[in-house]
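Student: fold the following for me, if possible:
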Amino acid sequence: MTRDSDRKENEAEVKNDANKEAKLKAERANLRRMFTVAANSFGDILRSMNKEKNIDIQFSKVYEKAERLF
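Tutor: The predicted structure is shown next:
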């Protein structure tokens, strides 16, 4: 009887650990996607700033893209 209950307890613990690992993996993937989007957006901002020589135009483009990002 104790063997069965121990086995069930162990199986439940393993299943719980697997669920936690799956959730962490999904969270890591989501964070990676978010950081990639942010990095690409800032890369776009820098590229557009380099294209424009007028500081007022640069500021307005940076402001516009930052608004869209956040």
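
Student: what is the helix or strand of the chain with the lowest mean pLDDT packed up against?
Tutor: Ranking every helix and strand in the chain by mean pLDDT, DSSP states H and E puts helix 55-69 at the bottom, with a mean of 73. Counting contacts by 3 or more Cβ pairs under 8 Å, 6 or more residues apart in numbering; DSSP states H and E, helix 55-69 is packed against helix 2-51. C-beta here means a position set from N, CA and C on the backbone, and glycine is covered the same way.

Student: what is the mean pLDDT for the helix it packs on?
Tutor: If you average the pLDDT over helix 2-51, you get 84.

Student: report the inter-axis angle for that helix versus helix 55-69.
Tutor: Helix 2-51 and helix 55-69 are oriented at 160 degrees to each other (axes from the mean of the first three to the mean of the last three Cα atoms, to 10 degrees).

Student: what about helix 2-51, distance to the chain center?
Tutor: On the basis of Cα atoms, centre = their mean, to the nearest Å, helix 2-51 sits 8 Å off its chain's mean C-alpha point.

Student: when you give positions from now on, start the count at 12
Tutor: In the new count, where the first residue is 12, that last one comes out as helix 13-62.

Student: which strands and helices sit next to it?
Tutor: Contact partners of helix 13-62 among helices and strands, from 3+ Cβ pairs under 8 Å, 6+ apart: helix 66-80.

Student: let me see the contact set for the residue nearest the centre of the chain.
Tutor: Closest to where the C-alpha atoms of the chain average out (Cα atoms, centre = their mean) is residue 42, at 1.5 Å. Listed by Cβ atoms under 8 Å, 6 or more residues apart in numbering, residue 42 has no contact partners.
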